[in-house]
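Colleague: Sharing a sequence plus its predicted fold:
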Number of protein chains: 2
Amino acid sequence: MNLSPKIENFVLHCGEMGSRWGFNRTIGQMVALLVIHEQPLTANEIAESLKISRGNVSMGIKELQSWQLVKVTHIPGDRKEYYAPNGSIWDLANRVFEERRKREIDPTLSLLRDQILEGSESPEEEYAQNQIQTIHDLLETITKWSAELQRLSPEQLQTLMKLGSSVSKVIDLKDKLLKKS
Amino acid sequence: MNLSPKIENFVLHCGEMGSRWGFNRTIGQMVALLVIHEQPLTANEIAESLKISRGNVSMGIKELQSWQLVKVTHIPGDRKEYYAPNGSIWDLANRVFEERRKREIDPTLSLLRDQILEGSESPEEEYAQNQIQTIHDLLETITKWSAELQRLSPEQLQTLMKLGSSVSKVIDLKDKLLKKS
DNA sequence: CTAAAGTTTCAGTAATTATTGAAACTTTAA
DNA sequence: TTAAAGTTTCAATAATTACTGAAACTTTAG
């Protein structure tokens, strides 16, 4: 299994980007490879294509499963496991987004909630307490908004995103709507 | 300069989260410290509070400036530099968001654009080409949407975010609006 | 059963990234 | 000027993270 120059380019690039996307190089390459190939691949094919060890592939698959980005399939009469992306490009992007929210926002939100409950001990901490509240509110808004987006169908999301420069118009519209009702 | 337990907690937490937010521990701690303190701090105070070397602070400040997250101020009659967050919590979050978009999306968008221009060499690459196109379109939509959000005023953004569960209603609304006009 | 095919684990090591601290550089008050 | 105060740089090193490969484990066909 060796890759055409174009596909190799793509895969290597995703490897480099991997760490910025929240995983590591190997895993970035693995997603790219799976996404670009119509047929599911075996762990050995992945190892061979990317020139990495079998053990590394195994760990990568495990990690990708924790992100819900791959699914395992089987071919009748063949006991090997075949791996494929778990859903459309859109689905994958959505899961990465959601998973990152969990890792990057939730823990902080939880700490700040506790700190707010504690209250400020000294008047000197007053400013700090205020800032903490502000950050908390911001993170909570982002969390709610993101949950909202998750609830929309891909089509609705497309619509929303494509709104483009008319977003502000829609906001105005919403204001008017509220006044009427 | 030593920190109250609550503030220390907050600062340490932000340090741990730092790498998930796109920088490293030291820098996470530095932002936290600056945000939580009403008065601007000197590099030495930062080094002392966080128990890190002076050089590390200098590199951190540099990095934070590249993210546009800190500003330098001066106190008359004192030649030291004093550092403070560059804007409100909201402004900072916005800049981090934007900067990350640049680092995590733009390079890939640019590669994919090139690869689409090249076209597919073999019919075997047809599927790959298609996937690349899909990813490209997704990233482009995200980029445009994000530029749109940047253009909104904080107040408009607040409104939009607070729309919450009525987002889908707004989408429906927009559909109706389009049909009428 | 059992042996072959396949998969996972993990200790050891490699690669990467972050940090220190001393030297070099810059600025300014006198 | 110049020396004191302040800042930056960067080579050396520490800390962290990723990867390998051999051994252990699991599954299944015969």
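Modeller: Alright, I've got the coordinates. Numbering: from 1, shown residues only, chains lettered A, B, ... in the order given.

Colleague: For the rest of this, base every contact and every neighbour count on C-alpha atoms.
Modeller: Fine.

Colleague: Quick check: phi and psi at residue A:22.
Modeller: Phi and psi for residue A:22, reported as degrees, to the nearest 10, are phi 110, psi 0.

Colleague: same question, residue A:73
Modeller: Here is the backbone geometry of residue A:73 (degrees, to the nearest 10): phi -130, psi 170.

Colleague: list the helices and strands the lengthiest strand in chain A packs on?
Modeller: Longest strand of chain A, by residue count under DSSP state E: strand A:78-85. When contacts are defined as 3 or more CA pairs under 8 Å, 6 or more residues apart in numbering or on different chains; DSSP states H and E, strand A:78-85 packs onto helix A:25-36, strand A:41-42, helix A:43-50, strand A:70-75.

Colleague: and with 6 Å instead?
Modeller: Packing partners of strand A:78-85 (3 or more CA pairs under 6 Å, 6 or more residues apart in numbering or on different chains; DSSP states H and E): strand A:41-42, strand A:70-75.

Colleague: Show me the contact partners of it.
Modeller: Contacts to strand A:78-85, defined as CA atoms under 6 Å, 6 or more residues apart in numbering or on different chains, come from residues A:34, A:40-42, A:69-74.

Colleague: Which two of these have the greatest separation?
Modeller: Using CA to CA, the two most remote members of these are A:69 and A:74, lying 17.0 Å apart.

Colleague: who's more crowded, these two?
Modeller: Legend: neighbour count by other CA atoms under 10 Å in any protein chain shown for residue A:69 and residue A:74, higher for residue A:69 (21 against 13).

Colleague: quick one: which of the contacts of strand A:78-85 is nearest to residue A:142?
Modeller: Closest to residue A:142 out of the contacts of strand A:78-85 is residue A:69 (23.3 Å), distances taken as CA to CA.

Colleague: relative orientation of the lengthiest helix in chain A and helix B:25-36 in degrees?
Modeller: Longest helix in chain A, counting residues (DSSP state H): helix A:126-151. Inter-element angle recorded for helix A:126-151 and helix B:25-36: 120 degrees (by axes from the mean of the first three to the mean of the last three CA atoms, to 10 degrees).

Colleague: how much does the helix or strand just after helix A:126-151 deviate in direction from helix A:126-151?
Modeller: Later in the chain than helix A:126-151, the nearest helix or strand by DSSP states H and E is helix A:154-162. Computed by the same axes, to 10 degrees, the angle separating helix A:154-162 from helix A:126-151 equals 130 degrees.

Colleague: Can you give me the buried ones in helix A:154-162?
Modeller: In terms of neighbour count (16 or more other CA atoms under 10 Å in any protein chain shown), helix A:154-162 has its buried residues at A:156-157, A:160-161.

Colleague: again with stretch A:52-69
Modeller: Neighbour-count burial for stretch A:52-69 flags A:57, A:60-61, A:64, A:67-69 (criterion: 16+ other CA under 10 Å).

Colleague: Tell me how far residue A:106 lies from residue A:65.
Modeller: 21 Å (CA to CA, to the nearest Å).

Colleague: One more: residue A:14?
Modeller: Here the criterion is CA to CA. By it, residue A:14 lies 18 Å from residue A:65.

Colleague: which parts of chain A sit against DNA strand D?
Modeller: Within reach of DNA strand D by CA under 7 Å from any atom of the strand, chain A has these residues: A:19, A:23-27, A:51-56, A:77, A:79.

Colleague: Which one of the residues you listed is nearest to DNA strand C?
Modeller: The shortest approach to DNA strand C among the residues of chain A next to DNA strand D belongs to residue A:55, at 3.5 Å (CA to the nearest atom of the strand).

Colleague: which SS class is the closest one?
Modeller: Counting by DSSP: H, G, I helix; E, B strand; the rest coil, the backbone at residue A:55 sits in helix.

Colleague: Adding pLDDT and distance to residue A:123, write the contacts of strand A:78-85 out as JSON lines.
Modeller: Converted to JSON lines, the contacts of strand A:78-85 look like this (pLDDT from 0 to 100; distance: CA to CA, whole Å):
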{"residue": "A:34", "pLDDT": "98", "distance to residue A:123": "56"}
{"residue": "A:40", "pLDDT": "97", "distance to residue A:123": "62"}
{"residue": "A:41", "pLDDT": "97", "distance to residue A:123": "62"}
{"residue": "A:42", "pLDDT": "97", "distance to residue A:123": "62"}
{"residue": "A:69", "pLDDT": "98", "distance to residue A:123": "49"}
{"residue": "A:70", "pLDDT": "97", "distance to residue A:123": "52"}
{"residue": "A:71", "pLDDT": "97", "distance to residue A:123": "54"}
{"residue": "A:72", "pLDDT": "96", "distance to residue A:123": "57"}
{"residue": "A:73", "pLDDT": "96", "distance to residue A:123": "61"}
{"residue": "A:74", "pLDDT": "95", "distance to residue A:123": "64"}
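
Colleague: what's the pLDDT at residue A:159?
Modeller: For residue A:159, the model assigns a pLDDT of 75.

Colleague: low-confidence ranges in chain A?
Modeller: Residues of chain A meeting the criterion pLDDT under 70: A:162-181.

Colleague: which residue is nearest the middle of it?
Modeller: Geometric centre of chain A, nearest residue: residue A:96, 1.2 Å, by CA atoms, centre = their mean.
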